[in-house]
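J.: give me a model of this one.
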Amino acid sequence: MLRELQIENLAIIKHLDLEFGNKLITLTGETGAGKSIILNGINLLIGEKAYKEMIRDGEEYLDAQGVFEINEMQMQNLVDMGIEVEEGEIIVQRRFDRQGRGKAFVNGRRVPLSSLKQIMGTLVDLVGQHSHQLLLNKNYHIQLIDKFLNEDGVKLKEELEEIVSEYHKFHKTLLKLEEIKLEMLEKKELYEFQINDIENINPLSGEDDNLEEEYKKLFNAGKIQENLANSQYSLRESEYSIMTLLAQTKKNIEHIAKYGKEFEDLYEKLDKVYYDVEDIAYIIDDLVSDVDSDEHRLNNLVDRLDKINSLKRKYGFTINEILEYKNDIGEKLEKLKNNNFEEKEIKEKLEFLRKIYDNKALSLSECRKKVAENIEKLLHEQLADLNMPNAKFKVNFEKDEKLNKKGFDLVEFLIATNVGQDYKELTKIVSGGEVSRIMLALKAIFSKVDNIPILIFDEIDTGVGGETVRKIATKLKEIGENAQVICITHSPAIAAKGQQQFYIEKQVINGNTSTTVRQLDEEERVGEIGRMLAGENMSESVIAHAKELLKED
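T.: Next up, the predicted model:
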């Protein structure tokens, strides 16, 4: 319940501080006094948008704050949202400045506007023009029916959501397979040609490196032979060959090796170098004999490298990339062969899910129709209470063949407001008073299951009068037994039913217009209800009538 409301610098409100009780609370005042501004303040607390134009002239910011009492279920919902709650209440604050910067807080913790809307949607139901528009929107009607579903019905809804989600997942997979299949059919011949192209050449991993190495040797065979021959000559055949010089040096040192350890070590090193150089000479001899200058082999190498390079230009920078590409398109061709089997499996799964969906949706529809029968009965009673005894209300069901997480029901409320009339859509109701009464009747029913503790009615009495408005007043008081009801009204009959009554007044002080709100005591209530009955033409009979209305409460 809304316990306290503070508003600062909103339109013509300078400062407002109200404390509310339980049951039905009425707000009255002359036209233009600012009753709608108070609703704007509450709108800020439930997450509606703020605009710079809402800030009072000459001020830099506006601020709205509300203290809400909550029950254990609502407390748990808030805890689940990460909001700390103490002592069964929350404090909600909105602040907005002329720079367009806005902040929202719940129990001192800053929250985004979307979270504020989610939180306050469980606490406050503001019934105004927007609510009337929702009532006239047939897409909203199924939501109202579903509020009355029992545990079995709620479970069916949850199961349907899972089934439809799974169905869409498989259907998406099927569409993807069909897309791949179409792509593959378009490219099948190209892929087959490319695989044959690669297989005809059949490159092996690392083959190009080996071929390049062999090519360099064959292409440069003359240079290699010439340099190896020169090396042989330098090592062995020249007058001052390396081997000759090393042999002479080794012999000289050998003669003195016995005269000292250092000479002996030197001789050993020379001996090692000599045999290392001799090994080099033998290697060169072998290399000379291995050098091949086969022109035919060279041509074959060039041809093979050209073919491999041709594949690289078409399918990848390396042989490994070419082979990966071949495997990839090979898998696609294989998938094309197996695609029909996968499609068949998925189609069978979709058919199975569709059967389950149809059964669950049928069961849910039966639950809804039972609820609808009860709502029709209850609404007839409520409308009779609201001076529409001849009105007939019907919940119409049609079937939607498309899969929907809500099931296949298309629900629409229909009404015949007079005897002999056919049922028609709510949008065809011309009278705003009739729409208001239907909305009130629905709220009287749904307030018992909504678990929303605060209902705010914005001039629900618009377009009605006489006995009808007294019926509306009684109905508002009845709803107030299950929830806190705050009602802005021009009707003395409704005002008199309030547990509390606040008077909204516009004043001009020092050249500035301000709206003030104060709670009326019993004597003041008599005067205000008298004003609402007769305006300035107050008389003893008017006062007596006002007192009588308050006594009826």
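J.: so how far is stretch 41-56 from its chain's centroid?
T.: In this view, stretch 41-56 has its centroid 25 Å away from the chain centroid, taken as C-alpha atoms, centre = their mean, to the nearest Å.
J.: average pLDDT across that stretch?
T.: Taken as a whole, stretch 41-56 carries a mean pLDDT of 87.
J.: which residues touch that stretch?
T.: The contact list for stretch 41-56, computed with C-beta atoms under 8 Å, 6 or more residues apart in numbering, reads 2, 5, 7, 9-14, 16, 40, 61-62, 64-66, 92, 94, 96-98, 100, 102, 104, 113-114, 116-117, 120-121, 123-124, 126, 456. All C-beta spots, glycine's among them, are computed from the backbone N, C-alpha and C.
J.: same thing but at 6 Å, please
T.: 7, 9-10, 62, 64, 66, 92, 94, 96, 98, 102, 113, 116-117, 120, 124 (C-beta atoms under 6 Å, 6 or more residues apart in numbering).
J.: are any of these buried, and which?
T.: 7, 9-10, 62, 64, 66, 92, 94, 96, 102, 116, 120, 124 (16 or more other C-beta atoms under 10 Å).
J.: immediately after the one helix or strand residue 301 maps to, which helix or strand?
T.: In this assignment (DSSP states H and E), residue 301 forms part of helix 295-315. Downstream of helix 295-315, the next assigned helix or strand under DSSP H and E is helix 319-385.
J.: hmm, back to that, in CSV: the buried ones among the contacts of stretch 41-56, plus secondary structure.
T.: Shown next, in CSV, are the buried ones among the contacts of stretch 41-56 (DSSP: H, G, I helix; E, B strand; the rest coil):
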residue, secondary structure
7, strand
9, strand
10, strand
62, strand
64, strand
66, strand
92, strand
94, strand
96, strand
102, strand
116, helix
120, helix
124, strand
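J.: going by distance to residue 330, which of these wins?
T.: residue 116 (57.0 Å; C-beta to C-beta).
J.: quick one: which two of the contacts of stretch 41-56 are the most distant?
T.: Among the contacts of stretch 41-56, 98 and 124 lie farthest apart (C-beta to C-beta), at 27.2 Å.
J.: looking at this, residue 536 is in a strand?
T.: No - applying three-state DSSP, one finds residue 536 to be coil, outside a strand.
J.: returning to what we had before: between the helix holding residue 301 and helix 319-385, how big is the angle?
T.: 10 degrees (axes from the mean of the first three to the mean of the last three C-alpha atoms, to 10 degrees).
J.: run through the neighbouring helices and strands of helix 295-315.
T.: If contacts are counted by 3 or more C-beta pairs under 6 Å, 6 or more residues apart in numbering; DSSP states H and E, helix 295-315 sits against helix 207-219, helix 319-385.
J.: out of the ones you listed, which is the most enclosed?
T.: Neighbour counts (mean count of other C-beta atoms under 10 Å) averaged over each of the helices and strands packed on helix 295-315 peak at helix 319-385, with a mean of 16.
J.: quick check: residue 147 touching residue 447?
T.: No - using C-beta atoms under 6 Å, residue 147 is not in contact with residue 447; the gap is 10.4 Å.
J.: looking at these two, which one has more neighbours?
T.: The neighbour comparison of residue 147 against residue 447 (other C-beta atoms under 10 Å) goes to residue 447, with 20 against 14.
J.: so how far is the host helix or strand of that one off the chain centroid?
T.: In the assignment (DSSP H and E), residue 447 maps to helix 432-450. Distance of helix 432-450 from the chain centroid (C-alpha atoms, centre = their mean) equals 32 Å.
J.: then it to CSV, C-alphas only?
T.: Below are the C-alpha coordinates for helix 432-450, written out as CSV (Å, rounded to 0.1, in the frame of the first residue of the first chain):
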residue,chain,number,x,y,z
GLY,A,432,-17.5,6.3,-22.1
GLY,A,433,-19.6,5.6,-19.0
GLU,A,434,-20.3,2.1,-20.1
VAL,A,435,-16.6,1.5,-20.8
SER,A,436,-15.8,2.9,-17.3
ARG,A,437,-18.3,0.6,-15.7
ILE,A,438,-17.1,-2.5,-17.6
MET,A,439,-13.5,-1.6,-16.5
LEU,A,440,-14.6,-1.2,-12.9
ALA,A,441,-16.5,-4.5,-13.0
LEU,A,442,-13.4,-6.2,-14.3
LYS,A,443,-11.3,-4.6,-11.7
ALA,A,444,-13.8,-5.8,-9.0
ILE,A,445,-13.3,-9.3,-10.2
PHE,A,446,-9.5,-9.2,-11.0
SER,A,447,-8.5,-7.3,-7.9
LYS,A,448,-9.0,-10.6,-6.0
VAL,A,449,-6.4,-12.5,-8.0
ASP,A,450,-4.0,-9.7,-9.2
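J.: ok, then the element right after it?
T.: Heading C-terminal from helix 432-450 (DSSP H and E), you reach strand 454-458.
J.: run me through the strand neighbours of that next one, direction for each.
T.: Applying DSSP bridges, strand 454-458 is found paired with strand 124-127 (parallel), strand 484-488 (parallel).
J.: the next helix or strand after it packs against which elements?
T.: Later in the chain than strand 454-458, the nearest helix or strand by DSSP H and E is helix 466-479. Contacts defined by 3+ C-beta pairs under 6 Å, 6+ apart place helix 466-479 against helix 432-450, strand 484-488, helix 492-496.
J.: show me what the helix or strand just after the last one is packed up against.
T.: Spelled out, that is helix 492-496. Next helix or strand after helix 492-496 toward the C-terminus (DSSP H and E): strand 500-509. Applying 3+ C-beta pairs under 6 Å, 6+ apart, we find strand 500-509 packed against strand 24-29, strand 512-519.
J.: skipping its backbone neighbours, what lies nearest the residue nearest the centre of the chain in space?
T.: Nearest to the mean C-alpha position of the chain, counting by C-alpha atoms, centre = their mean, stands residue 114 at 11.5 Å. Nearest residue to residue 114, sequence neighbours excluded (C-beta to C-beta, 6 or more residues apart in numbering): residue 47, at 7.6 Å.
J.: quick one: secondary structure of that neighbour?
T.: coil.
J.: what is the burial count for it?
T.: With other C-beta under 10 Å as criterion, residue 47 counts 21.
J.: cool, and residue 517?
T.: Neighbour number of residue 517 under other C-beta under 10 Å is 21.
J.: re the thing from before, what's the closest of the helices and strands packed on helix 295-315 to residue 298?
T.: The nearest among those, by C-beta to C-beta, is helix 207-219 at 4.4 Å.
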